[in-house]
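**Q** predicted structure and sequence below. I'll ask about it afterward.
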Amino acid sequence: MTDNNLPEPGQPTPQSGPPGQQPPQYQPAPQKPVKGQVRQQQAGVTKPRQATVAEQRARAAALKAQQERFAAESAAFEKKRKTRKRLLVAGGVTVGVVALVAIWYAAASPKNVTAQCTDANNVIVDDDYCDESYYRSHGGYSSGGFIYIGGSSYRYNYGGSGTVGQKVSGGSYTIPKGASVSTKSGTTVQRGGFGISGGSKSSGG
C-alpha cells in the first residue's frame, strides 16, 4: 500500500463495507414489451388467445355472407339449367311440329304418275287403245283392269318408261293410290291427292 492507500499493481482493490460481505450481482432491468411486436410462440407452452366478441361477430358475419353467396350461385345455376331445358324441349316440339307439317304437306301434295298403254306383250302402244271413249266406240270393253278390243287386250302401265313400239321398262300395272295419274297425251286417268278419291277410265290389274 502506498501513502495514498492505492493498491499496488497486481493487488486486488479493497471493497468497501463491512468485512466478509460480498456486493450484490448486477441484474439488468426487464425490458418492456413493444407494442406491435410478435412474440415467439413455443409449442406446448404458448396458449392461443381467445377471440374477442367483435372478432367472433366478424367471423359469423363472414360465414353467413359466404353461405348466402353459395345459395345465390346455386339458385342462379338451377335457373339457367331449367331455362336451357325448356329451350331444348321447346326446340324439340318445334322440330316435331315442323316434321308433322312437312309429312302432312307431302301427303296432301299428289304424286304425279305417267300412265302408258301397253299390249299383251308389254309393248307401248298409242294411248287411244286404253281410252274409254275410243275402245267403246270400237266395240271394246273393260274387265279386270284389261281393255279388250277385238281379239287384243290392253292395259295401263304406271310409272314405266319408253316410247311407242318399245317394251315398257319398269313401272307397275297396279294404279298407285292417292297419286295423280295422266297419260303423255294429257288424258287424266286418276285425280289424286290427300283426301281425294279418284276414279279412272280404266283401272290396272
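**A** Everything's here; your move.
**Q** all contacts plus neighbour counts: C-alpha atoms, from now on.
**A** Fine.
**Q** mean confidence score for stretch 152-163?
**A** Averaging pLDDT along stretch 152-163 gives 95.
**Q** can you pull the contacts of the closest residue to residue 130 other than its chain neighbours?
**A** Nearest residue to residue 130, sequence neighbours excluded (Cα to Cα, 6 or more residues apart in numbering): residue 117, at 5.8 Å. When contacts are counted by Cα atoms under 8 Å, 6 or more residues apart in numbering, residue 117 is found next to 124-127, 129-130, 154-157.
**Q** tell me the buried residues in the helix or strand hosting residue 117?
**A** Counting by DSSP states H and E, the element that carries residue 117 is strand 112-119. For strand 112-119, a neighbour-count test (16 or more other Cα atoms under 10 Å) marks 112-119 as buried.
**Q** again with stretch 140-149
**A** Under 16+ other Cα under 10 Å, the buried positions of stretch 140-149 are 140-142, 145-149.
**Q** turn the residues you listed into JSON lines, including distance to residue 96.
**A** Formatted as JSON lines, the buried residues of stretch 140-149 follow (distance: Cα to Cα, whole Å):
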{"residue": "140", "distance to residue 96": "53"}
{"residue": "141", "distance to residue 96": "50"}
{"residue": "142", "distance to residue 96": "47"}
{"residue": "145", "distance to residue 96": "41"}
{"residue": "146", "distance to residue 96": "45"}
{"residue": "147", "distance to residue 96": "47"}
{"residue": "148", "distance to residue 96": "51"}
{"residue": "149", "distance to residue 96": "53"}
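**Q** from these, which is closest to residue 72?
**A** residue 145 (77.3 Å; Cα to Cα).
**Q** doesn't residue 157 make contact with that closest one?
**A** No. Contact criterion Cα atoms under 8 Å: residue 145 and residue 157 do not qualify, at 10.8 Å.
**Q** related to what we said a few turns ago, from the buried residues of stretch 140-149, which land in helices?
**A** Judged by DSSP state H, helices contain none of these.
**Q** tell me which of the residues you listed is nearest to residue 176?
**A** Closest to residue 176, out of all of the buried residues of stretch 140-149 and judged by Cα to Cα, is residue 145, at 13.4 Å.
**Q** check what pLDDT residue 178 gets.
**A** On the pLDDT scale, residue 178 gets 84.
**Q** chain neighbours aside, what residue packs nearest to it?
**A** Per Cα to Cα, 6+ apart, closest to residue 178 is residue 192, 4.5 Å.
**Q** burial of that neighbour, as a residue count?
**A** When neighbours are defined as other Cα atoms under 10 Å, residue 192 has 22 of them.
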